[in-house]
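*Asks:* Let me see the structure of the following:
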Amino acid sequence: MIPLAHPSPALSARSSPHTDAASVVRDVLTRRASEPGALLPILHEVQDALGYVPSDQVLAIADALNLSRAEVHGVITYYHHFRSAPAARHVLQICRAEACQSMGADALMAHAELRLGCSAHGGTKSSASTDGAFTLESVFCLGLCAASPALMLDDELHARMTPRAFDALIAEVTAGTAGTESTGISA
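*Replies:* This is a model prediction of the structure:
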């Protein structure tokens, strides 16, 4: 496991079902709307705080930046990072870039979809597992090309993943013991 140098600053807010999206967006816009090129930083901060960019807040973001609703929606749907619906408790992103594909990412994704009972395809960016605990997403390049295939689970990178290592990682998370032993890069 490779922890990110700077995990999401508002993970605790994302995990709270009582976070008021309108007040979060209002706060972010108050601080950042006047910055040049503010749209992407605003969307990132909103998603970090809420876990997604609520569709009912797109107009407020557009108005604050003097953009059309279509322009903001276009950015949200263009970038794979942004979600327009809440994620599950655990977010699992499997790299589908060329290096990971050449080392078995397609087989890993197929295994993950079967194991979790959901699909990262089918016209949506992600989907939730049958138990609602995991959101499975297909992403392109997590930066671990030399140790592929790679995935990120709750902002922690895991490299050289196999279906067996994947099952062990999911079992750890399900049992609540994730992070107690390394499942990341091995020599």
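
*Asks:* In contact with residue 65, which residues?
*Replies:* Residues in contact with residue 65 (Cβ atoms under 8 Å, 6 or more residues apart in numbering) are 33, 38-39, 42, 72. (C-beta placed from N, C-alpha, C; glycine too.)

*Asks:* In those, find the pair that's most separated.
*Replies:* For the contacts of residue 65, the farthest-apart pair by Cβ to Cβ is 33 and 72; their separation is 12.3 Å.

*Asks:* if you look at the contacts of residue 65, which of them are in strands?
*Replies:* Among these, DSSP state E puts none in strands.

*Asks:* Of those, which belong to helices?
*Replies:* 39, 42, 72 (DSSP state H).

*Asks:* Count the residues that sit near the closest residue to residue 91 other than its chain neighbours.
*Replies:* Nearest non-adjacent residue to residue 91, counting by Cβ to Cβ, 6 or more residues apart in numbering: residue 135, 4.9 Å away. Around residue 135 there are 25 other residues, counting by other Cβ atoms under 10 Å.

*Asks:* re earlier: quick one, which of residue 33 and residue 72 is more surrounded?
*Replies:* residue 72 (23 against 15).

*Asks:* so the more buried one makes contact with residue 60?
*Replies:* No - the criterion here is Cβ atoms under 8 Å, and residue 72 misses it with residue 60 at 9.5 Å.
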